[in-house]
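sequence isn't available, so here's the structure alone:
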């Protein structure tokens, strides 16, 4: 495949439904694709109507749109890839949510002064959410395509940079919510240390816990300025014994129900 052919393939999109068709989004066929993790992340943010949420690495805008639709919050999505930003803005228009979501191009690892010039004012948001790259460079072979490779892995200090940016943007008492790989929990907790506390770990179990299958994904939520201790919560079983989506997971993925992590 030539370079031009690869570029065209990268820009090919699929038209996907979320929340039983309540949200319809174009996504790159060969780039980062939103799925269960993305919807769960949006469901876990405790935003209320009128509050301001920042999403780091918003991709085509699926989490931002699901969250804005459910809560009435205003969501600011930050993305570094031009193609993803274009899709995010198109998706906002297609779902009549352009007044509720805003997408801007920025590198979350940039200096604070650079981010502020782009309008990312410190402590201007009530909540932050993100789905950071899961792996560090060299841990595994990323999928083909530069865009997807960047969403798949990054430098060793990338996760800490995401957490630093999220913490900087959130007001004291605001929440930081991330979805991540379960085997990277220690890295995420280390990045949150001294920046936020009251951390709650919410496992997403692929099958009933009685089957003994380990959770591969976790949602981690912390509060800026809190000194409350770490909590490991029961989490959510995604599938029942027959392999079908469990009732509570169905309500979240199809009906747009929230995940009440904060209690």
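Cool, the structure landed. This is a predicted model, so every value here is computed, not measured.

in stretch 30-48, what's buried?
30-34, 36-47 (16 or more other CB atoms under 10 Å). The C-beta positions use only the backbone N, C-alpha and C, and glycine is treated the same way.

out of those residues, which sit inside strands?
Among the buried residues of stretch 30-48, DSSP state E puts none in strands.

restricted to helices, list the residues you listed.
Residues of the buried residues of stretch 30-48 located in helices (DSSP state H): 36-44.

can you add distance to residue 230 and pLDDT and give these back as JSON lines?
Converted to JSON lines, those look like this (distance: CB to CB, whole Å; pLDDT from 0 to 100):
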{"residue": "36", "distance to residue 230": "25", "pLDDT": "95"}
{"residue": "37", "distance to residue 230": "22", "pLDDT": "95"}
{"residue": "38", "distance to residue 230": "25", "pLDDT": "97"}
{"residue": "39", "distance to residue 230": "25", "pLDDT": "97"}
{"residue": "40", "distance to residue 230": "20", "pLDDT": "98"}
{"residue": "41", "distance to residue 230": "20", "pLDDT": "98"}
{"residue": "42", "distance to residue 230": "24", "pLDDT": "98"}
{"residue": "43", "distance to residue 230": "22", "pLDDT": "98"}
{"residue": "44", "distance to residue 230": "17", "pLDDT": "98"}
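
nearest to residue 229, of those?
residue 44 (19.7 Å; CB to CB).

tally of neighbours for the residue nearest to the closest one when sequence neighbours are not counted?
The spatially closest residue to residue 44, leaving aside those adjacent along the chain, is residue 259, at 4.4 Å (CB to CB, 6 or more residues apart in numbering). Residues lying near residue 259 (other CB atoms under 10 Å) number 24.

now do residue 231
If we define neighbours as other CB under 10 Å, then residue 231 has 13 of them.

in the stretch 101-250 of the chain, what residue spans correspond to strands?
101-105, 125-130, 135-136, 153-154, 170-181, 196-205, 217-224, 231-232, 236-237 (DSSP state E, counting those that start in this stretch).

of all these, which lies closest to residue 119?
The stretch from the strands of the stretch 101-250 of the chain with the least distance to residue 119 (CB to CB) is strand 101-105; that distance is 6.8 Å.

which neighbours in the sheet does the helix or strand harbouring residue 14 have, and how are they oriented?
For residue 14, the element it lies in under DSSP states H and E is strand 13-18. Using DSSP bridges, the strands paired with strand 13-18 are strand 23-28 (antiparallel).

buried residues, the partner strand. List them.
Across strand 23-28, burial judged by 16+ other CB under 10 Å covers 23, 25-28.

ok, now how distant is residue 192 from residue 35?
In this view, residue 192 and residue 35 are 25 Å apart by CB to CB, to the nearest Å.

ugh, wrong one, I meant residue 246
Distance of residue 246 to residue 35, computed by CB to CB: 16 Å.

next: residue 242.
21 Å.

how about residue 125?
Residue 125 is 25 Å from residue 35, by CB to CB.

cool, and residue 14?
12 Å.

OK, contacts around residue 235?
Going by CB atoms under 8 Å, 6 or more residues apart in numbering, residue 235 touches 202-205, 215, 218.

same check, this time on residue 219
40-41, 44, 177-179, 201-202, 204, 259, 261.

the residue lying closest to it once chain neighbours are set aside and residue 111, how far apart?
Among residues not flanking residue 219 along the chain, residue 202 sits closest, at 4.2 Å (CB to CB, 6+ apart). Distance from residue 202 to residue 111, counting by CB to CB: 32 Å.

who has more neighbours, those two?
A count of neighbours by other CB under 10 Å puts residue 202 above the other of residue 202 and residue 111, at 23 against 9.

touching, the more buried one and residue 43? I think so.
No - judged on CB atoms under 8 Å, residue 202 makes no contact with residue 43 at a distance of 10.7 Å.

what comes up buried for stretch 177-189?
Across stretch 177-189, burial judged by 16+ other CB under 10 Å covers 177-181, 184-185, 187-188.
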